[in-house]
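In: my questions concern the predicted model and sequence given below.
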Amino acid sequence: MTSKFISLSKDDINVGVKVLNELLANTYILSVKTQNFHWNVQDSRFYMLHDFFSDKYNELSEAVDEIAERIRMLGEHVPGAMAFYLKLGCLEEAEIIKDGDLMLRALTKDHNIIITALRTAIEQVSQMRIKGL
Ligand SMILES: [Fe+2]
């Protein structure tokens, strides 16, 4: 069966939704962690880091929305529960830390995990074939 809207098979849609759900989960966890750091940073560079983390979690929140809307475009329900994100995502919630350098290291580590996952996802979705074009 092929979706009449996007000319992808149901199998390909399932692959895409799985990839997007995992990306949604990790992006949401990272957004919450970044906002947590925005609130809790205690560092001589407070204002710079406070603003930096604010910019980043706002960007991540926009990304979450775009990912969720892409899942809806594939005709699937968007999971909206933290329990789901924590179960499906591969990132861990933030520890209680205050030091800016430790926060930056934690966020860098998480971004690298997402980059690695996205490289794998690109391999998976590149196998999809658009039908009827
Ligand atoms: Fe704020």
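Out: Yes, it's here. Numbering: from 1, shown residues only.

In: contacts and neighbour counts: CA atoms only from here.
Out: Noted.

In: which elements pack onto the top helix by length along the chain?
Out: Counting residues, the longest helix in the chain under DSSP state H turns out to be helix 10-40. Secondary structure elements in contact with helix 10-40, counted by 3 or more Cα pairs under 8 Å, 6 or more residues apart in numbering; DSSP states H and E, are helix 46-73, helix 82-88, helix 100-125.

In: mean neighbour count, those: which tops it?
Out: Of all the helices and strands packed on helix 10-40, helix 46-73 has the most neighbours on average by mean count of other Cα atoms under 10 Å, namely a mean of 16.

In: just to revisit the earlier point, redo the helices and strands packed on helix 10-40 as TSV? Include distance to Val15 and mean pLDDT.
Out: Converted to TSV, the helices and strands packed on helix 10-40 look like this (distance: least, Cα to Cα, whole Å; pLDDT from 0 to 100):
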stretch	distance to Val15	mean pLDDT
helix 46-73	11	97
helix 82-88	15	96
helix 100-125	7	95
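
In: in a helix, Ile6, correct?
Out: No: remark: Ile6 does not belong to a helix; assigned using DSSP: H, G, I helix; E, B strand; the rest coil, it is coil.

In: which residues does it contact?
Out: Shown in contact with Ile6 (Cα atoms under 8 Å, 6 or more residues apart in numbering): Leu74.

In: and it, how far from Leu74?
Out: For Ile6, the distance to Leu74 equals 8 Å [Cα to Cα, to the nearest Å].

In: returning to what we had before: can you list the buried residues in the longest helix of the chain?
Out: By 16 or more other Cα atoms under 10 Å, the buried positions in helix 10-40 come out as 12-13, 15-17, 19-38, 40.

In: now Ala94: which helix or strand?
Out: Of the helices and strands defined by DSSP states H and E, none includes Ala94.

In: which residues touch it?
Out: Counted by Cα under 8 Å, 6+ apart, Ala94 has contacts Lys33, Asn36.

In: just the pLDDT for it.
Out: On the pLDDT scale, Ala94 is placed at 90.
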